[in-house]
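S.K.: Sequence first, predicted model second:
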Amino acid sequence: MILHTLSAAPDTPAFQHCLAQLQAADALLLMGNGVYAALVGAPAGQALGKACANLYVLDDDARTAGVAAQLGAGVTPVDFDGFVALSERYQRQIAWY
Amino acid sequence: MLGPEAFDREGFLRNLQDWSPSVAEQIARAEGIELGEGHWEILHLLRDYYAQFDSSPAMRPLVKYCAAKLGADKGKSLYLLSLFPGSPAKLGSKIAGLPKPENCL
Amino acid sequence: MNYALLVLAPPGSASRAALGFARAACARGHHLQRVFFLDRGVENGLGTAVAPQGERDLPAQWAELASEQGVELVLCVSSAIRRGLLDATEAKRHEKAAPTIAPGFTIGGLGLLVEASADCERLLTFGEGR
Amino acid sequence: MSTPTPRLLLVTRSAPYGASLARSALDTALAAAAFDRAPGLLFLGEGVLQLLPAQDAAASQTRNHGKVLDSLPLYDVSQLYVDATALTHYGLQAMALPAAAQLVDAAAIRALLEGCEQILSF
């Protein structure tokens, strides 16, 4: 079980690497430019959702980007407290950026 | 003899091209070391290391490299410490005209 | 739990996230021993940077965290000096006019990252798009 | 896998010149090894380009990344993993790899990520 943090937009190698390594029991936190994958209807987000049931988006970054109001189904916003809580549950984090 | 402006505050050469055996003698004397055959063997080895790996070694790789090139007797930190007291990798690099090892604590 | 962070991102979204994470970790009762800044991450500790008015002054907020929570903020020495980030010792050593790092930050070797990683139970990386 | 997974895994995803992340990853590997915590090193994606032979950095007066990589065995960094898909992507399937390097596919990469205790991602 791994906590993935993805801060790269969907059309990047980092996104592809993340998707290739993502598994059902992992958690994925979208942050920075990664939040665009959380847009409702974005195929990128759907691909992530298929790979992993635990999708989160960093609320501050989603608001900043204008994504917060149109989040895809199954993407849960978290604040920093929630981010830390995720790191408590998952021993390893890998940052994709 | 190079003038004092050729060295930085810690006694490392500012310009690595300035290095020559006599410059090595000069740096060593400033460190209180009289270079003998044993020293020179290690200094040449350090310069070979730099030519091969484009970096100054930390202690562990220096010891291993010595063991591989000069035999197990000389591939020991105690032997290197006897020649270059304190911090052999750093002091040896300084006298051999290598860049300052980057990542000491 | 014991935490350590590696920040590779220059000031921006990812380093703000690192700061937010660091604060929240302390608020949740975790022990954050050290934040190690490497590569472009060291730019977070540039004392001569001026934040645009109305925007967040990141170095000042990191420094606040350091003083309130006792978190060490360490800039990697080799990343720092090539980018012009010097403390008093490095400024002297490299014969530059003045130190340039922000209050609350120190300069140290990669050994301090290695040490922190050995001592912590959680180690997180913060990097920014390349 | 023939060697046990390392406690600390460094994932290096950048080409060697240009931005300095590849260099930072390598410096971290050397420092960890110097402090008796030899890490595993996973060359992923663009990171496999660090392994190209015959790099000649003299022209750009910068440190030769390939030569520094050659010193890894002396630091006892012997767990090197190379993304097989990326090698194919760059047409480098036939490239000579360091003696200690193991080719890894997506499943083996997953096993590495899960087998280590800590990951640093460069």
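M.R.: Done, it's in.
S.K.: all contacts plus neighbour counts: C-alpha atoms, from now on.
M.R.: Fine.
S.K.: residue boundaries of the helices in the chain?
M.R.: Assuming you mean chain A. Remark: helices assigned in chain A by DSSP state H are A:13-21, A:43-51, A:59-65, A:80-89.
S.K.: try again with chain D
M.R.: Taking DSSP H, the helices of chain D run over residues D:21-34, D:65-70, D:84-89, D:106-115.
S.K.: Nearest to chain C, out of the ones you listed?
M.R.: Proximity to chain C (Cα to the nearest Cα) singles out helix D:21-34 among the helices of chain D, at 5.5 Å.
S.K.: Give me the distance from the closest one to the chain's centre.
M.R.: 10 Å (Cα atoms, centre = their mean, to the nearest Å).
S.K.: ok, now stretch D:61-73?
M.R.: For stretch D:61-73, the distance to the chain centre is 12 Å (Cα atoms, centre = their mean).
S.K.: do stretch A:54-72 as well
M.R.: On Cα atoms, centre = their mean, the centre of stretch A:54-72 falls 9 Å from that of its chain.
S.K.: so how far is the first residue of that stretch from its last?
M.R.: 13 Å (Cα to Cα, to the nearest Å).
S.K.: tell me the pLDDT at the most centrally placed residue in chain A?
M.R.: By Cα atoms, centre = their mean, chain A has its centre lying nearest to residue A:30, at 2.8 Å. pLDDT for residue A:30: 98.
S.K.: can you tell me which residues contact it?
M.R.: By Cα atoms under 8 Å, 6 or more residues apart in numbering or on different chains, the residues touching residue A:30 are A:5-7, A:37-38, A:55-58.
S.K.: Which of the helices of chain D sits closest to chain B?
M.R.: With respect to chain B, and counting by Cα to the nearest Cα, the nearest of these is helix D:65-70 at 4.5 Å.
S.K.: for chain A, what are the nearby residues on chain D?
M.R.: Neighbours of chain A within chain D, by Cα under 8 Å from any Cα of the partner chain: D:45, D:106, D:109-110, D:113-114, D:117-121.
S.K.: What is the least confident helix or strand in chain A?
M.R.: Sorting the helices and strands of chain A by mean pLDDT, DSSP states H and E puts helix A:43-51 at the bottom, at a mean of 95.
S.K.: what does that helix contact?
M.R.: By Cα under 8 Å, 6+ apart, the list of residues contacting helix A:43-51 reads A:10, A:19, A:22-24, A:37-39, A:55, A:72, A:74.
S.K.: What is the nearest of those to residue C:46?
M.R.: Of all the contacts of helix A:43-51, residue A:10 has the smallest distance to residue C:46: 31.6 Å, by Cα to Cα.
S.K.: The closest one: neighbour count?
M.R.: 21 (other Cα atoms under 10 Å in any protein chain shown).
S.K.: mind checking how far it is from residue A:28?
M.R.: 14 Å.
S.K.: next one: residue A:13
M.R.: Between residue A:13 and residue A:28 the computed distance is 16 Å (Cα to Cα).
S.K.: Now do the phi/psi pair for residue C:4.
M.R.: phi -140, psi 150 (degrees, to the nearest 10).
S.K.: so who does it touch?
M.R.: Residues in contact with residue C:4 (Cα under 8 Å, 6+ apart) are C:32-36, C:116-117, C:120, C:122-124.
S.K.: In JSON lines: the helices of chain A, plus distance to residue D:63.
M.R.: JSON lines is the format used below for the helices of chain A (distance: least, Cα to Cα, whole Å):
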{"stretch": "helix A:13-21", "distance to residue D:63": "26"}
{"stretch": "helix A:43-51", "distance to residue D:63": "39"}
{"stretch": "helix A:59-65", "distance to residue D:63": "37"}
{"stretch": "helix A:80-89", "distance to residue D:63": "37"}
